[in-house]
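Please work out how this folds:
(one chain, ligands or ions: 1)
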Amino acid sequence: MSDVVTMEKIVALCKRRGFIFQSSEIYGGLASTYDYGHYGVLLKQNVKNEWWRSNLQERDDMVALDAAILMHPRVWEASGHLAGFSDPLVQCLGECKQRFREDHLREAQPEGELKCPVCGGDLSEPRQFNLMFQTHVGPVAESGSTVYLRPETAQGIFLDYKTTLQYSRKRPPFGIAQVGKSFRNEITPGNFVFRTLEFEQMEMEFFVPPAEAQQWYEHWLQARLDWYVGLGIDREKLRLRAHDADELSHYSSATSDIEYLYPIGWSELEGIANRGDFDLRQHQEHSGEKLEYVDPQTKERYLPHVIEPAAGLGRTILALLCDAYDEDEQGGEQRTVLRLHPKVAPIKVAVLPLLRKDGHPELAREIYEDLRKRMSAEYDSGGHIGKRYRRQDEIGTPFAVTIDHQSVEDHTVTLRQRDSLQQDRIAIADLASHLEEQIR
Ligand code: ATP
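I've put the predicted structure just below:
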């Protein structure tokens, strides 16, 4: 991330280029909800694919799952979310009457009596506010029909732990991985997609023999940190922060956050928790179903301990955008550029005919139709070439191919690199395989 990035610039670029924009905008918007446009969808998809590749495809101790969002309401009693998943909320008693999370205010005002950060007024006593959205199953809202939109994907994994163990022929240590939407009735201002009412999580529950929990906790801290670096994020802008004892959730014996230095300061990107056997024990008690693992060799019975790396897709997207954002000057002109790693860039290559005549468009179209079978490509024939490059720079396209009069004669094209602006002549026949190598 260069020094020039601000949240305002990221929000503006995301809207201008169709990555992410306010939801329900024609009705004035709904706070803390966002829609992903074309390039945002492609970027998200690439990040999810990288997550699946590194955590599932390249391991032999992980199984995939896609559990339902709605679950039996008793799940949330067992998990502790009905009683404990709440934030302490205070309201301004002065002029502005706004609500704030007491724990967030305390971070900014470590000493003395808390005051309203907007108008300086006194604050109410804190009230616990449950973050789960409720809805009802069936045609009428009546007692017993209440269900909750899941506030995390994790519980679906615990519910399917036994079934997965039986069909997958795995044994601890092994994990279950899931990507899906979660919902939280957040009341603090969102900071764009950092905190939203609905968001996608990429979560794993890794089940281990109790004696191995610490070792696997450390394994996942390192593996997950390395994953972000592999996406091209600056290592200097990432850090691990271990939770103090008073910060730990009700279930956790150790938790560390991977934090990124966003324009709003160091903030959580992913949480990695050693949950012990809390969840399986709770579900075993509440459901009456035995969830112990019996080792076939030693006949030892135990409830596995669980290491949970829980990442947010929206926060990863925001970190990638902030990290990639840059401004420089090209030929006396200001340029905005997203220096995204080619493997996450929404479009890998732009195909640009120099002129709209002399056979350029026909040849360009042919090259484009060939390339798009192998990677996401975009054809653009509209406007001045410099303007077309600028547009691709802003959406982070790492390569641009230009077709000119020489291309028609000798079947070569110019390949332009987004970051170095280097331009090389390359044979059309070699183009696709050359690009594939660079993208990897
Ligand atoms: P915070 O303290 O910021 O509210 P959390 O500790 O409650 O986050 P977890 O329950 O650990 O978050 O959830 C795992 C991950 O899910 C987070 O690291 C984050 O990336 C993502 N996440 C959680 N809540 C939200 C949200 N409201 N909007 C976007 N992403 C979220």
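
interface residues of this protein facing the ligand?
152, 184, 186, 195-196, 199, 201, 268-271, 310-312, 314-315 (Cβ under 6 Å from any ligand atom). For every residue, glycine as well, the C-beta is placed using N, CA and C.

5 Å instead, please
Arg184, Glu186, Arg195, Thr196, Phe199, Glu268, Glu270, Gly271, Ala310, Gly312, Gly314, Arg315 (Cβ under 5 Å from any ligand atom).

out of these, who's nearest the ligand?
Nearest to the ligand among the residues of the chain next to the ligand: Gly312, at 2.2 Å, using Cβ to the nearest ligand atom.

which stretch of helix or strand covers the closest residue to Ala83 other than its chain neighbours?
Nearest residue to Ala83 in three dimensions, chain neighbours excluded: Glu77, at 7.7 Å (Cβ to Cβ, 6 or more residues apart in numbering). For Glu77, the enclosing helix or strand under DSSP states H and E is helix 74-79.

So what touches that helix?
Residues from elsewhere that reach helix 74-79 (Cβ atoms under 8 Å, 6 or more residues apart in numbering): 82-83, 85, 132, 148, 155, 158-159, 279, 282-283, 285-287.

next one: stretch 226-244
For stretch 226-244, using Cβ under 8 Å, 6+ apart, the contacting residues are 1, 47, 50-51, 54-55, 221, 225, 252, 254-261, 266, 269, 316, 319-320, 323-324, 339-341, 343-344.

Would you mind listing which of the residues you listed are buried?
1, 47, 50-51, 54-55, 221, 225, 252, 254-261, 269, 316, 319-320, 323-324, 339-341, 343-344 (16 or more other Cβ atoms under 10 Å).

Select from the residues you listed every entry located in strands.
Ala254, Thr255, Ser256, Asp257, Ile258, Glu259, Tyr260, Leu261, Leu269 (DSSP state E).

can I get the residues you listed in a markdown table with pLDDT?
Formatted as a markdown table, these follow (pLDDT from 0 to 100):
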| residue | pLDDT |
| --- | --- |
| Ala254 | 91 |
| Thr255 | 94 |
| Ser256 | 97 |
| Asp257 | 97 |
| Ile258 | 98 |
| Glu259 | 98 |
| Tyr260 | 98 |
| Leu261 | 98 |
| Leu269 | 98 |
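
Which pair of the residues you listed spans the longest distance?
Ala254 and Leu261 (23.4 Å; Cβ to Cβ).

show me the contacts for Leu313.
Contacts of Leu313 by Cβ under 8 Å, 6+ apart are Lys44, Val47, Lys48, Val179, Phe199, Glu200, Gln201, Met202.

what about 7 Å?
Each residue near Leu313 by Cβ atoms under 7 Å, 6 or more residues apart in numbering is listed here: Lys44, Val47, Lys48, Phe199, Glu200, Gln201, Met202.

Ala345 is in contact with the second one, correct?
No: using Cβ atoms under 7 Å as the test, Val47 is too far from Ala345 to be in contact (11.1 Å).

now the residues of the chain next to the ligand as JSON lines including pLDDT?
Listed next are the residues of the chain next to the ligand as JSON lines, based on pLDDT from 0 to 100:
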{"residue": "Arg184", "pLDDT": "95"}
{"residue": "Glu186", "pLDDT": "89"}
{"residue": "Arg195", "pLDDT": "96"}
{"residue": "Thr196", "pLDDT": "96"}
{"residue": "Phe199", "pLDDT": "98"}
{"residue": "Glu268", "pLDDT": "97"}
{"residue": "Glu270", "pLDDT": "98"}
{"residue": "Gly271", "pLDDT": "97"}
{"residue": "Ala310", "pLDDT": "98"}
{"residue": "Gly312", "pLDDT": "98"}
{"residue": "Gly314", "pLDDT": "98"}
{"residue": "Arg315", "pLDDT": "98"}
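
just so I have it, where are all the strands in the stretch 151-300 of the chain?
Using DSSP state E, counting those that start in this stretch, the strands found in the stretch 151-300 of the chain span residues 174-183, 198-208, 238-242, 254-262, 265-276, 293-294.

okay, the angle between the third one and strand 265-276?
With axes from the mean of the first three to the mean of the last three Cα atoms, to 10 degrees applied, the angle from strand 238-242 to strand 265-276 works out at 50 degrees.

what about strand 238-242, distance to the chain center?
Distance, stretch centre to chain centre, for strand 238-242: 17 Å (Cα atoms, centre = their mean, to the nearest Å).

What pairs with it, parallel or antiparallel?
strand 254-262 (antiparallel) (DSSP bridges).

so how far is the strand it pairs with from its chain's centroid?
The answer for strand 254-262 is 14 Å, by Cα atoms, centre = their mean.

for this protein, what spans make up the helices?
Per DSSP state H, the chain carries helices over the ranges 7-16, 38-52, 74-79, 81-84, 102-108, 154-159, 161-168, 213-230, 278-287, 313-324, 360-371, 385-394, 405-410, 428-439.

Give me the distance between the most centrally placed residue in the chain and Val47.
Residue closest to the mean C-alpha point of the chain, counted by Cα atoms, centre = their mean, is Leu313 at 1.3 Å. Here Leu313 is placed at a distance of 6 Å from Val47 (Cβ to Cβ, to the nearest Å).

And Asp246, by the same measure?
For Asp246 relative to Val47 (Cβ to Cβ), the value is 33 Å.

Ok, Gly359 next?
Where Val47 is concerned, Gly359 sits at a distance of 39 Å (Cβ to Cβ).

Now do Lys97, the pLDDT please.
We have a pLDDT of 76 for Lys97.

who touches it in this structure?
Gln91.

again, but for Ile403
Counted by Cβ under 7 Å, 6+ apart, Ile403 has contacts Pro353, Leu354, His360, Leu363, Ala364, Ile367, Val413.
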